[in-house]
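Visitor: A structural model of the following input is requested.
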Amino acid sequence: MAEPASTLAAGSVGTVETQYLDLPGPVRLDCGRQLHPIRVAYETYGTLSPRRDNVILVCHALSGDAHAAGIAKTPPAESTRDGFGATDRDGTAGKGLGWWDGMIGPGKAFDTDRFYVVATNLLGGCRGTTGPSSANPVTGRPYGADFPVITVADMVRTERAFLDELGIERLAAVAGGSLGGMQALEWAIMFPDQVDAIVAIASTHALHPQGVAWNAIARDAIMRDPAWQGGHYYGTGAAPEAGMGVARMVGHITYLSAQALDDKFGRRLQSSPGGATPRTPRGIPDAEAKISDMRTSDDVHYTITEAEFQVESYLRHQAESFVKRFDANTYLFTSRALTYFDLARQHGGSLVSALEGVSARTLLIAFSSDWLYPPSASGEVADALRSLGKPVEFQVIEAPYGHDCFLLEEARQTPIIRRFLSEHSPASGVDGD
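Guide: Next up is the predicted model:
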């Protein structure tokens, strides 16, 4: 939980400690299995209203966790804020900051002066919620590859069961980016009478084939690593770090745009004297382009093993950081869940049919340069909702950094989200002016 408001720095929820809750019963999964026991890691920010009608559930993307805002009481060895430009953006406090700290807090997009914000680590996670690295009650050993294959709907069912234990029946909003946005959409469909609004950012109703393909390559990189050992590498002294590193590099490239990479790195060599001061787009500092030693020569070194180009060094840095904090099996299961997500397929092949029962007001935010979750996908959701006469707002933000914009463009998202949420009155639990 977060510190009391009187002790907080301006705009911060302060020091936060992750909490844990064990669900009393099993959760039914789409694969036909039931999972029990389930532990959920979570954090809360703000104050719950007497009527419990001011709750916003924040859902994270593939590599996130429950620590969405504030400073962790016990900072992790590696931060979840390890994306494009994170080092210079966060400074020395980076490892302790929540992954969406710029969006959650007093006066921010998800204003904790008005709302009680809840963030959980999703089902299948490796940051406190039950996942492949958790103990299988049948064997006493980690599940590994025996963990049930999960879906986004399973994640939402788990979140619903978790909120039941907190005594929270209705949500003022469900919000998230990327995979988090998928969860928000699924919430509006599965529990239409329990959600007042959803905010789906840089998300989609179904990952495009190119996105499915890149995810398949990332998973194969892990499973082809001999150290994966069929998914049962826990306790063996070896883990598929090489494969996981490649998966991270592949995934990270899909989160960026060609322009962002060109502006940040171009074709500059690590040995180039000019490499120490690469061109940097607005809002993206350049310390991460200075990762390895700068050589004195401007010549190539004719090597296949060293990182000759700055962009290569950057990707290796991303891989090395990621494998220290994330479980390979969680990556496999979560990646598979987001590729299974297809609202139309899940509802007879029609997106309109999938959204027919939605009663929540919907805010969709997309970014012009995001080719992985393109604006056209959010536009299709908006068109389907409009055809049904549902309240929906669709905003496209012009920004050059690709899918990572939902983490980088916090200042431009904030006024849009604050205005949208201002139409909700927590005191009455209904929409108002």
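Visitor: strands along the stretch 1-150 of the chain, start to end?
Guide: 15-16, 19-22, 27-28, 34-35, 39-45, 55-59, 71-72, 104-105, 110-111, 116-120 (DSSP state E, counting those that start in this stretch).
Visitor: need those strands in TSV (columns: mean neighbour count and mean pLDDT).
Guide: (C-beta placed from N, C-alpha, C; glycine too.) Shown next, in TSV, are these (neighbours: other Cβ atoms under 10 Å; pLDDT from 0 to 100):
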stretch	mean neighbour count	mean pLDDT
strand 15-16	20	94
strand 19-22	14	98
strand 27-28	18	98
strand 34-35	16	98
strand 39-45	23	98
strand 55-59	28	98
strand 71-72	20	92
strand 104-105	28	97
strand 110-111	22	98
strand 116-120	27	98
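Visitor: which residues touch residue 76?
Guide: 95, 96, 325 (Cβ atoms under 8 Å, 6 or more residues apart in numbering).
Visitor: show me what counts as buried in stretch 312-330.
Guide: 312-319, 321-323, 325-330 (16 or more other Cβ atoms under 10 Å).
Visitor: tell me the centre residue of the protein?
Guide: Centroid-nearest residue in the chain: residue 61, 1.7 Å away (criterion: Cα atoms, centre = their mean).
Visitor: quick one: pLDDT of that one?
Guide: As predicted, residue 61 sits at a pLDDT of 96.
Visitor: show me where the stretch 151-300 of the chain has helices.
Guide: 152-166, 179-190, 209-223, 241-254, 258-264 (DSSP state H, counting those that start in this stretch).
Visitor: ok, residue 356 touching residue 389?
Guide: No. Here residue 356 lies out of contact with residue 389, judged by Cβ atoms under 8 Å, at a distance of 10.5 Å.
Visitor: who has more neighbours out of those two?
Guide: The residue with more neighbours, out of residue 356 and residue 389, is residue 356; 15 against 7, by other Cβ atoms under 10 Å.
Visitor: so what's the more buried one up against?
Guide: Applying Cβ under 8 Å, 6+ apart, the residues near residue 356 are residue 388.
Visitor: likewise residue 146?
Guide: Counting by Cβ under 8 Å, 6+ apart, residue 146 has contacts 136, 231.
Visitor: same thing with residue 80?
Guide: Residue 80 neighbours (Cβ under 8 Å, 6+ apart): 63, 64, 65, 67, 98, 99, 325.
Visitor: again, only using 10 Å
Guide: The neighbours of residue 80, taking Cβ atoms under 10 Å, 6 or more residues apart in numbering as the test, are 60-61, 63-68, 72, 86, 94-95, 97-100, 127, 322, 325-326, 407.
Visitor: nearest spatial neighbour of it, chain-adjacent residues omitted?
Guide: residue 99 (4.3 Å; Cβ to Cβ, 6 or more residues apart in numbering).
Visitor: look up how far residue 127 lies from that neighbour.
Guide: 11 Å (Cβ to Cβ, to the nearest Å).
Visitor: residues shared between the contacts of those two?
Guide: 60, 63, 64, 65, 66, 67, 80.
Visitor: could I get those residues as CSV with distance to residue 235?
Guide: Listed next are the shared contacts of residue 99 and residue 127 as CSV, based on distance: Cβ to Cβ, whole Å:
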residue, distance to residue 235
60, 28
63, 24
64, 26
65, 23
66, 25
67, 26
80, 25
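Visitor: which one of those residues has the most neighbours?
Guide: residue 67 (31 neighbours).
Visitor: quick one: pLDDT of it?
Guide: Reported pLDDT for residue 67: 96.
Visitor: I'd say it and residue 44 touch.
Guide: No. The pair residue 67 / residue 44 is not scored as a contact, 11.6 Å apart, by Cβ atoms under 10 Å.
Visitor: what's around residue 210, how many residues?
Guide: 12.
Visitor: which residue is the nearest non-sequential neighbour of residue 123?
Guide: residue 158 (4.3 Å).
Visitor: quick one: that neighbour and residue 101, what's the gap?
Guide: Relative to residue 101, and taking Cβ to Cβ, residue 158 is found at 24 Å.
Visitor: got phi/psi on the residue nearest to residue 80?
Guide: phi -70, psi -20 (degrees, to the nearest 10).
Visitor: ok, the one 10 residues further on next?
Guide: Dihedral angles phi and psi of residue 109 (degrees, to the nearest 10) take the values phi -50, psi -50.
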